[in-house]
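**Student:** Following is a predicted model, sequence given first.
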Amino acid sequence: MHIELTDHLRCPREHPEAFLVLLPDRMDQRRVIAGHLGCPICGWSTTWTDGVPDFGEGWRAEGAPAFDAIAAHAMLGIDGPGGWIALVGNAAALVTAITALLPGVGFVAVNPPATVSPTSNVSVLLSGAWPFKAHSMRGVILGDDASQWRAAAVATTLPGLRTIGSGEPPAGEHIQLLGNAGGVWVVAGRG
Ligand SMILES: [Zn+2]
């Protein structure tokens, strides 16, 4: 994972979100190939040696989402460098194509297909619990195998920025539905 992603990660256990402490063991430029992440609140920790932190109970997705990378880019409504975009579950099958459309943006693939490996601008995480802090991402793209995280995903985007998914769109007073067609929805958080 990219070292700067650390600031956007939260402990996977259920308690008010807290920062995690990173102890890198081996780096390749800005990537942490081997390291240790720990929670100062509850003592949770994980250690990895293959570039991919495993927060526990994650999975490797199969298949592909109900939209392609060009559609996802258009629905995100993002241009310009900086910040982070998360692709979760089988939506992470699009990560290589989307990085080409959004140079200078950091990407995180959570529980991606086994074909997705970490690169200089794609971090890979495995987790059974939502791993991001609130308001930490410029956008979230959810696969149809990650619909349990619809509300968490919207809370993770910065106010006004977008979450994309398929199936039933998330609803709530803090969620604005921007589009819902062909089984694919786009929402924004109201902040
Ligand atoms: Zn914790």
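**Tutor:** Perfect, thanks for sending it.
**Student:** From now on I want contacts and neighbour counts done on CA atoms only, so please keep to that.
**Tutor:** Noted.
**Student:** domain ranges for the chain?
**Tutor:** Annotated domains of the chain cover 3-48, 69-189 [automatic domain parsing].
**Student:** which one of the ones you listed lies closest to the ion?
**Tutor:** Nearest of these to the ion, taken as C-alpha to the ion: domain 3-48 at 4.1 Å.
**Student:** Now the closest one: average pLDDT?
**Tutor:** What domain 3-48 shows for mean pLDDT is 96.
**Student:** what's the burial count for the nearest residue to residue 116 once chain neighbours are set aside?
**Tutor:** Excluding the flanking residues, the one nearest residue 116 by C-alpha to C-alpha, 6 or more residues apart in numbering is residue 93, at 7.1 Å. Look at residue 93: counted by other C-alpha atoms under 10 Å, it has 25 neighbours.
**Student:** Show me where the protein has its helices.
**Tutor:** Under the criterion DSSP state H, helices of the chain are mapped to 69-76, 95-101, 150-156.
**Student:** Check these for me and report the most buried one.
**Tutor:** Among the helices of the chain, ranked by average contacts under mean count of other C-alpha atoms under 10 Å, first place goes to helix 150-156 (a mean of 24).
**Student:** ok, back up a step: including distance to residue 116 and mean pLDDT, could the helices of the chain go into CSV?
**Tutor:** Output for those, formatted as CSV (distance: least, C-alpha to C-alpha, whole Å; pLDDT from 0 to 100):
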stretch, distance to residue 116, mean pLDDT
helix 69-76, 15, 96
helix 95-101, 8, 96
helix 150-156, 21, 96
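**Student:** Reformat those as CSV; add distance to residue 83.
**Tutor:** Shown next, in CSV, are those (distance: least, C-alpha to C-alpha, whole Å):
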stretch, distance to residue 83
helix 69-76, 13
helix 95-101, 13
helix 150-156, 13
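**Student:** tell me which parts of this structure are close to the ion?
**Tutor:** Residues of the chain lying close to the ion (C-alpha under 5 Å from the ion) are 11, 39, 42.
**Student:** are any of those buried, and which?
**Tutor:** The neighbour-count test (16 or more other C-alpha atoms under 10 Å) marks 11, 39 as buried among those.
**Student:** on that earlier part again, to residue 62, which of the domains of the chain lies closest?
**Tutor:** Closest approach to residue 62 among those (C-alpha to C-alpha): domain 69-189, 5.5 Å.
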